[in-house]
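Asker: model this:
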Amino acid sequence: MGQVRRASLSAAQLCNLLQEEAALVVLLIDVSGVYADAPWISNRGYAGHYVLLVGVDGEDFLVKDPARKEDCLLLPIALVDRARRAHGTDEDLLLVPFEGPPPRVPAEGSISRLVRISE
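Answerer: Residues are numbered from 1 along each chain as shown. Below you'll find the model as predicted:
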């Protein structure tokens with residue numbers, strides 16, 4: 001059975017969990033400051049949205065986002081950290097214990113569509 005507790009995790013702690021392949025992380029973020037090209041975002045402020053962190057590549061999180069057409073996104077850790085701490089998110093996250101082969105950044109030019117989004 002799962003465990004529920006109240007805690008605050010730093011970006012470094014999230015990176016460690018992902019690098020140690022201990023857990024996948026479901027994050028609530030304010031997506032309005034992350035994607036400039038999302039048609040469902042307005043300029044009305046907070047836009048809560050869940051994404052799945054599956055890995056770390058240098059200074060970026062490897063992100064799966066069900067609202068995007070790309071298979072994977074590389075988002076700067078600092079950008080994701082600001083978006084997850086934005087007013088309205090309450091820093092909500094779920095840690096999903098990881099079992100199985102670790103997720104990897106798809107090779108450039110592979111069938112998977114990988115997009116890097118800068119700050």
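
Asker: residue contacts, the residue most central in space within the chain?
Answerer: The chain has residue 53 as the residue nearest its centroid, 3.9 Å off, counting by CA atoms, centre = their mean. By CB atoms under 8 Å, 6 or more residues apart in numbering, the residues touching residue 53 are 14, 18, 24-27, 61-63, 80. For glycine as for every other residue, the C-beta is placed from the backbone atoms N, C-alpha and C.

Asker: check this structure for its longest strand and report it.
Answerer: What stands out as the longest strand in the chain, according to DSSP state E, is strand 48-57.

Asker: just checking: what are the partner strands of that strand?
Answerer: For strand 48-57, the pairing partners within the sheet under DSSP bridges are strand 23-30 (antiparallel), strand 60-64 (antiparallel).

Asker: mind telling me which of those strands the model trusts least?
Answerer: Mean pLDDT values for these show the minimum at strand 23-30, a mean of 89.
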